[in-house]
Each structure stands twice: as C-alpha cells, then as structure tokens.
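Engineer: Got a sequence here, can you model it:
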Amino acid sequence: MGTPEDRDVAPDDPALDYAALDGNAIGGLLIEVFGTEMTTAVGICGHCGAVGQVAELAVYQPGLGTVVRCRSCDAVLMAFVRIRGVTCVDLEGLASLS
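Structural biologist: I've put the predicted structure just below:
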C-alpha cells in the first residue's frame, strides 16, 4: 500500500464530510458479491498486518462507491463501485480474507 502520503484520500481529509460506519453497513453488499454472510469473516490488513472481523472495519460510502479501511492504519482494504449494474470489487489491500 505505501505510506499515508501515497493514499488517494485519508479518512481525516476535509473533502470527506461523513462519518465512518462499521462493516455491518455493507453486509448486504457482501452477500451480493460473495454469496454468503461475510461480516464475521476475518481479514488481515496487507499494510500493517492488523487482524479483525469485517464487521469491525471502517466503511465510508461517499456516493461514488464504498471504501473499507483498516481501523489500525487507515489503509484501503476493499473498494466497491457499481458501474452500469455491475459491482466492481477491489480487495488489493487485504493480505487475507477468510
């Protein structure tokens, strides 16, 4: 992932005037994408190695998509964007999801 300066937008960026939700906020989206309940799945941050359930992650939904960040280091773990009815998924920030 790189340093905080390498990230596009940090949660404390003034451009983001909304509060973080927890991972339960995307429970339905995760069922749609993965076909099963995923909020109890355990993810490992690929940046800092923090381990936690998806339900504990920080979720931001600015309108253009959904961004899921690590609570420890704020690295982007997952991003979801719906384009023409298709949900595009980026899980690059996760070292593991099980």
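
Engineer: looking only at pLDDT, what's the mean for the longest strand belonging to the chain?
Structural biologist: In terms of residue count, the longest strand belonging to the chain (DSSP state E) is strand 76-83. The predicted model gives strand 76-83 an average pLDDT of 97.

Engineer: Over to stretch 25-45?
Structural biologist: 97.

Engineer: Figure out the length between the terminal residues of it.
Structural biologist: 19 Å (C-alpha to C-alpha, to the nearest Å).

Engineer: Please, where are all the strands along this structure?
Structural biologist: With strands called from DSSP E, the chain shows them at 21-22, 42-45, 51-53, 58-60, 66-69, 76-83, 86-90, 94-97.

Engineer: which of these is buried the deepest?
Structural biologist: With neighbours taken as mean count of other C-beta atoms under 10 Å, those reach their highest mean count in strand 66-69, at a mean of 23. Yep, even glycine has a C-beta here, placed from its N, CA and C like the rest.

Engineer: contacting residues for residue 40?
Structural biologist: Going by C-beta atoms under 8 Å, 6 or more residues apart in numbering, residue 40 touches 53-55.

Engineer: do that again at 10 Å, thanks
Structural biologist: 23, 27, 53-55 (C-beta atoms under 10 Å, 6 or more residues apart in numbering).

Engineer: In helices, which of these appear?
Structural biologist: Judged by DSSP state H, the subset of these located in helices is residue 27.

Engineer: quick check, nearest of the contacts of residue 40 to residue 66?
Structural biologist: residue 23 (10.5 Å; C-beta to C-beta).

Engineer: show me what contacts that closest one?
Structural biologist: Applying C-beta under 10 Å, 6+ apart, we find residue 23 in contact with 30, 38-41, 43, 52-59, 68, 71, 77-78.

Engineer: Could you check how far it is from residue 84?
Structural biologist: 26 Å (C-beta to C-beta, to the nearest Å).
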